[in-house]
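Colleague: Have a look at this prediction, sequence included:
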Amino acid sequence: MNAPVPILMYHSIAHQPNEATRELSVTPDAFAEQMALLYEQGFTPVSTARLAASWREGGPLPERPVLVTFDDGYEGVHRHGLPVLAKHGFAATLFVSTGWIRGAYDTGGSLDTMLDWDQVRELAAEQVEIGGHSHTHPQMDQLAEDALRFEVLRCREIIADELGAGPASFAYPYGYSSRRVRHAVRAAGFAQALAVGNALARRRQGPYALQRVTVRRSTGIEEFERLVEGRAIALNFARDRALTKGYAMVRRARQVRRKAISSRV
């Protein structure tokens with residue numbers, strides 16, 4: 001099956017998120033309503049690994065596949081998200097920034113209350129694929145080679161140590177990647193990776209640049225239905241795309257400037 005697939009990108013599920021996470025959070029009631037809609041409309045959530053394997057190897061997918069993904073590792077995914085996912089028997093993927101998860105590797109840079117490793121293991125036991133999201137959540141395309149390798153390899157190493165198996169999937173922090181970043185992710189042993197893009201995922205995007213659509217606190221149920229149906233996505237995210245293109249030019253200029261400076265040192 002090569003039809004486009006909606007990959008939903010969530011972050012925090014919280015009644016009262018802090019200001020840093022508010023825009024990209026959803027309320028527990030909104031999340032429950034959105035998952036109920038998927039169930040009622042006959043969608044079947046699958047993991048990132050299953051979608052990528054199907055597109056790579058030609059394996060079967062359900063009639064209306066959708067991916068439910070969470071970035072960073074906020075505590076509300078366990079508190080509010082897991083019961084809803086379990087109620088419907090839904091699979092999902094959680095991409096963790098290992099330096100933000102509470103425990104021995106915590107670097108102190110997280111934006112809100114995060115999961116701990118026991119909660120991550122509980123999620124992994126309930127059809128939630130655990131993927132990598134770097135160690136400290138940097139803008140990976142702006143990193144030097146050594147720092148880039150560290151972020152990817154340290155993340156993979158910690159997840160493997162905590163869960164007993166290496167993660168298969170990765171999501172780029174902020175959605176930022178480049179050919180160099182994608183190569184580093186692949187070289188580290190990840191089989192597929194997700195960007196943002198705010199478009200449906202298609203096989204032709206390649207396994208290391210699959211696109212997602214953002215679910216925000218402002219996403220009402222009618223807009224959510226349009227997103228999963230693949231209707232009016234370009235219109236909904238027109239402003240985001242314009243900002244992304246402008247910022248991409250700034251980021252490329254920064255990279256060129258840094259390379260020029262380093263070559264003179």
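Modeller: That came through, no problem.
Colleague: Show me which positions of the strand or helix carrying residue 50 end up buried.
Modeller: In this assignment (DSSP states H and E), residue 50 forms part of helix 48-57. Using 16 or more other C-beta atoms under 10 Å as the test for burial, helix 48-57 gives 48, 49, 50, 51, 52, 53, 54, 55. Where C-beta positions appear, they are placed from N, C-alpha and C, glycine not excepted.
Colleague: try stretch 136-148
Modeller: Under the neighbour-count criterion of 16+ other C-beta under 10 Å, stretch 136-148 has 136, 137, 138, 140, 141, 143, 148 buried.
Colleague: Give the burial count for the residue lying closest to the fourth one once chain neighbours are set aside, as a bare number.
Modeller: Excluding its sequence neighbours, the residue lying closest to residue 140 (C-beta to C-beta, 6 or more residues apart in numbering) is residue 181, at 4.8 Å. If you count neighbours by other C-beta atoms under 10 Å, residue 181 ends up with 22.
Colleague: ok, now which ones touch residue 181?
Modeller: Under the criterion of C-beta atoms under 8 Å, 6 or more residues apart in numbering, the contact partners of residue 181 comprise 140, 141, 148, 172.
Colleague: Is residue 129 in a helix, a strand, or coil?
Modeller: Secondary structure of residue 129, reduced to three states by DSSP: H, G, I helix; E, B strand; the rest coil: strand.
Colleague: Quickly list what it is bridged to.
Modeller: In this entry, residue 129 is beta-bridged to residue 93, by DSSP bridges.
Colleague: State the distance from it to residue 68.
Modeller: 10 Å (C-beta to C-beta, to the nearest Å).
Colleague: repeat for residue 233
Modeller: Counting by C-beta to C-beta, the gap between residue 233 and residue 68 amounts to 17 Å.
Colleague: Can you pick out the residue with more neighbours from those two?
Modeller: Of the pair residue 233 and residue 68, residue 68 is the one with more neighbours under other C-beta under 10 Å, namely 28 against 19.
Colleague: So the more buried one belongs to a strand, correct?
Modeller: Yes - following the definition three-state DSSP, residue 68 is counted among the residues of a strand.
Colleague: tell me the contacts of it?
Modeller: Going by C-beta under 8 Å, 6+ apart, the list of residues near residue 68 reads 8, 10, 35, 38, 45, 85, 90, 91, 92, 93.
Colleague: Look at the residue nearest to residue 140 and tell me its secondary structure.
Modeller: Residue 181 falls in the helix class when you classify it by three-state DSSP.
Colleague: which residue ranges form the strands in the stretch 51-200 of the chain?
Modeller: Counting by DSSP state E, counting those that start in this stretch, the stretch 51-200 of the chain has these strands, from start to end: 65-72, 92-96, 128-132, 169-171, 192-197.
Colleague: Now flag whichever of the buried residues of helix 48-57 is closest to residue 164.
Modeller: Proximity of the buried residues of helix 48-57 to residue 164 was ranked by C-beta to C-beta; the top entry is residue 49 with 16.0 Å.
Colleague: What's the per-residue pLDDT of that closest one here?
Modeller: Listed pLDDT for residue 49 reads 98.
Colleague: wait, isn't it in contact with residue 191?
Modeller: Yes - with contacts counted by C-beta atoms under 8 Å, residue 49 reaches residue 191, the gap being 7.1 Å.
Colleague: overlap in contacts of these two?
Modeller: 168, 169.
Colleague: Quick check: which ranges of this protein have low pLDDT?
Modeller: By pLDDT under 70, the low-scoring segments of the chain are 1, 234-265.
Colleague: hmm, try it at 50
Modeller: Per-residue confidence for the chain (pLDDT under 50) gives these ranges: 241-251, 253-254, 258.
Colleague: And residue 8, how far from residue 112?
Modeller: From residue 8 over to residue 112 the distance is 20 Å, taken as C-beta to C-beta.
Colleague: Those two: which has the busier surroundings?
Modeller: When neighbours are counted by other C-beta under 10 Å, residue 8 and residue 112 differ, and residue 8 comes out ahead with 22 against 19.
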